[in-house]
Each structure stands twice: as structure tokens, then as C-alpha cells.
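>>> Dropping a prediction and its sequence here:
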Amino acid sequence: MQTLAKASQKRINRLRYNLQMLARRISGEGAPRRVVFLHIPKCAGSSVNALFKGAIGSSRSARVELIDDRIASRDLERRIEAARSAQFVGGHFGKEVLEAVRGDAFTFTVLRDPFDRLRSTYGHFHTRREGNPLAHKVPRMTIEEYIASEDPEILQWTDNVIARQLAISHDRARSLAIDPELMVERAIANLARFDMIAMLGTLDVDIAAAAAAAGVPYKGAMPEENVTANRASKRSQQALSSLDQSLRDLAAPRVQLDLAVYEAAQAQKAKGPTADIAAQPQ
């Protein structure tokens, strides 16, 4: 449930944003850049959404569109069309949807260590009570069972998700026909097409460029949303623990492609930005 303090801050942020938009129209400056965020599960996406939606508008507004590319094709086409004019687009989608909605938007994603991301999905599904698509399975599973599972419902969230989304789609079924080496190649090539690759460990700093491009007020600290540790009981500590070496060995096939993409992203990020993205023409 949203606290009174959060609700008040959201109203303040939206008022600031609306006043800023009015000032830009009066001055003839025009609207800020649209922002498109490719949300890889358990990579701080709920916090990113909270930051932008808290200023721009709710999911029910025409300013914001959230997409999951696993929905029925007719609904997906409708959402893609709406997303082309939305100020903020986010969601669990892949490269194909990204290309369909990006236009001249500021595009970014957030990555984290693939082993940590995998472990975090277990913690998420193990402890979440509401809106948990795997509530009928994961809470009864050990982390070893979860990692080793060949259940397609679980593989959707565990099987090289980073590489899959950056190469084609969030929908695992659509990636099964692609050669793994080709998937990695495509994913790494697509890294360069983002305006920004943020990292979970430096997100407070990294997100500033996206916020500036969108004209969203940002004070240098991300909101904390959907944090597994905040809802875990004492009996759920295994769901929060880092993977030891035996679990990392077990998980290796689940993150092999992701690790290659993540290492490439780190190398790209170490080179630094090639331009002042926030100041690009709109």
C-alpha cells in the first residue's frame, strides 16, 4: 500500500513536471525527449518505473505505456501504437518491441550481475504474496530445485533472460529457435544502440541522464520499490542469500549467455559516453 508520504511526494513531482511542461510550451522550447526503458526482471525496474511514473503520470494516462511482449498479438499491437506517442514507455519486452516504439526517444536499460539477478528472481517468487505468477510452485521449492528446473514457466524467468531480451523478446518461446551464439552476438550488437546502459550498483548516478532527458525531477537517489528483503520472513533467508560456488556451478547454464552480454556491457560502459545524450536535439 502506498504511504501518505509517497503519495504526497508523487503529487509534488507531478505538479513540478506539469509546471515545467507548461513553461516549455510558453517558451517555445517544446517537449522533452520521450524515454523508453527496457525492463529486465529484477534489475530495479519497479524503482525506475516509480521515478518516471511518479512525475509523468500513471499507467492509465496517455503519457505512460507499460508493455509485456508476451501478451496476445492484437493487444501488443495496440500497446505499441500507444507507446509511440507516450512520454515514458517501460516493460518486459525485447529488442523487437524496442525498435517498434523507440522513434527519437532516449532508450536505456539496467543490468546487474547475472548470478545475482537469477538469485533475486527466486527470492521474488519465493516471498511475493500478491501478483505472483509462480506462487503455486516456487514457494515450495528449494533454490537448487528452482535453478535446475526445466519447467517452461520457470525457465521463462531463469534461462538467459538478459541475452534473450536484448536479442529479440522477453518471451522465451520466441528465442528457442535462435542459435545461442547468434543470440549473444545480436544482444551485444544491440547494446550500442541504447543511449545508456545503467548498472544496478551505480543506478543512483546512472539514472540522472535519463531523468534529465525526460525533464523528470531527480534528487540523486532512486525510490526503493519491490525490494524482496522488505517482505521476507526469517524462514526465507535462503531466498536472499548470494549463490555459493556449488549453486553458481549449478546455475552456469542459466546465465552462460547473460554473462557474455554483461561483460560486453561493462566494457562498453567503461569506455564512457560518446556524447552528451541529455543535450541531443529533440
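Great, that's in hand. This one's a predicted model, so the numbers in the text were calculated from it and none came from an experiment. Numbers count the residues shown, from 1 in each chain.
>>> quick one: buried residues of stretch 69-76?
Across stretch 69-76, burial judged by 16 or more other C-beta atoms under 10 Å covers 69, 76. All C-beta atoms are positioned from the backbone trio N, CA, C, and that covers glycine.
>>> Check stretch 171-181 too.
By neighbour count on 16+ other C-beta under 10 Å, the buried set for stretch 171-181 is 171-172, 175, 178.
>>> need these in JSON lines with secondary structure, can you?
Compiled in JSON lines, the buried residues of stretch 171-181 are given as follows (DSSP: H, G, I helix; E, B strand; the rest coil):
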{"residue": "171", "secondary structure": "coil"}
{"residue": "172", "secondary structure": "helix"}
{"residue": "175", "secondary structure": "helix"}
{"residue": "178", "secondary structure": "coil"}
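>>> Output the longest strand belonging to this structure.
Taking DSSP state E as the criterion, the chain has its longest strand at strand 106-111.
>>> What does the residue most central in space within the chain show for phi and psi?
Geometric centre of the chain, nearest residue: residue 39, 1.9 Å, by C-alpha atoms, centre = their mean. Here is the backbone geometry of residue 39 (degrees, to the nearest 10): phi -90, psi 110.
>>> Give me the nearest residue to it, chain neighbours excluded.
Computed as C-beta to C-beta, 6 or more residues apart in numbering, the closest residue to residue 39 that is not its neighbour in sequence is residue 45, at 3.6 Å.
>>> what does residue 151 give?
Spatial nearest neighbour of residue 151, chain neighbours left out: residue 137 (7.2 Å); criterion: C-beta to C-beta, 6+ apart.
>>> repeat for residue 157
Distances taken as C-beta to C-beta, 6+ apart place residue 121 nearest to residue 157, at 4.9 Å, with adjacent residues excluded.
>>> Just give me the neighbour total for the one you found.
Residue 121 has 22 neighbours, counted by other C-beta atoms under 10 Å.
>>> check contacts around it.
41-42, 157-158 (C-beta atoms under 8 Å, 6 or more residues apart in numbering).
>>> which SS state does residue 90 fall under?
With three-state DSSP as the basis, residue 90 sits in strand.
>>> surely residue 57 meets residue 65?
No: taking C-beta atoms under 8 Å as the definition, residue 57 is not a contact partner of residue 65, at 10.4 Å.
>>> Who has more neighbours out of those two?
residue 65 (23 against 18).
>>> What's the per-residue pLDDT of that one here?
We have a pLDDT of 96 for residue 65.
>>> where's it relative to residue 161, distance?
With distances taken as C-beta to C-beta, to the nearest Å, residue 65 is found 22 Å from residue 161.
>>> avg pLDDT for stretch 247-267?
For stretch 247-267, mean pLDDT is 97.
>>> Kindly apply the preceding question to stretch 97-113 instead.
Here the average pLDDT along stretch 97-113 is 97.
>>> coming back round to it: buried residues in the longest strand of the chain, which are they?
106-111.
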